[in-house]
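Student: just coords:
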């Protein structure tokens, strides 16, 4: 085992990446930190590894560790019982409401609870009951409810 500048550098890089992950969690810097820690171990155990080989190993191990995360861990996240919780317009799809303002030239308005929403759809008079079929940004696409 030999402690030299390169060994200490990889240890510091790994610790900085782990610290960055702790400060702003997102599971990305963690995997780069694992790659830096692996290069640290390689440089510690195998002396005189060229710097270019160290950097190449870091790049390859970073890629591999991120792919392991994406294929193994990312797909195993628990599914939400409320997938549209923070997607208000998507949560409104399927609701049936009366038009508050007629749809003229493709644009109208509905009131849902205490909020007014812009709608697009076919020409319809005010008071017509419509079904929300999709959303585009903050606008709802409606069709006549039957």
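Tutor: Thanks, I have the structure now. Because the structure is a prediction, the values reported are computed rather than measured. Residues are numbered from 1 along each chain as shown.

Student: pLDDT wise, what is residue 84 at?
Tutor: Residue 84 carries a pLDDT value of 67.

Student: ok but residue 126 is inside a helix, no?
Tutor: No: membership of residue 126 in a helix is not supported by DSSP: H, G, I helix; E, B strand; the rest coil, which gives coil.

Student: ok, now how distant is it from residue 111?
Tutor: Taking CB to CB, to the nearest Å as the measure, residue 126 falls 11 Å from residue 111. C-beta here means a position set from N, CA and C on the backbone, and glycine is covered the same way.

Student: For the residue nearest the centre of the chain, give me the pLDDT.
Tutor: What sits nearest the mean C-alpha location of the chain, by CA atoms, centre = their mean, is residue 26, with 9.5 Å. Residue 26 is assigned 73 on the pLDDT scale.

Student: pretty sure it is in a helix, no?
Tutor: No: Residue 26 is assigned coil when assessed by three-state DSSP, not a helix.

Student: Just the helices from this protein, written as ranges.
Tutor: Under the criterion DSSP state H, helices of the chain are mapped to 5-23, 29-45, 51-68, 88-92.

Student: Make JSON lines out of these and add mean pLDDT.
Tutor: JSON lines is the format used below for the helices of the chain (pLDDT from 0 to 100):
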{"stretch": "helix 5-23", "mean pLDDT": "92"}
{"stretch": "helix 29-45", "mean pLDDT": "93"}
{"stretch": "helix 51-68", "mean pLDDT": "94"}
{"stretch": "helix 88-92", "mean pLDDT": "83"}
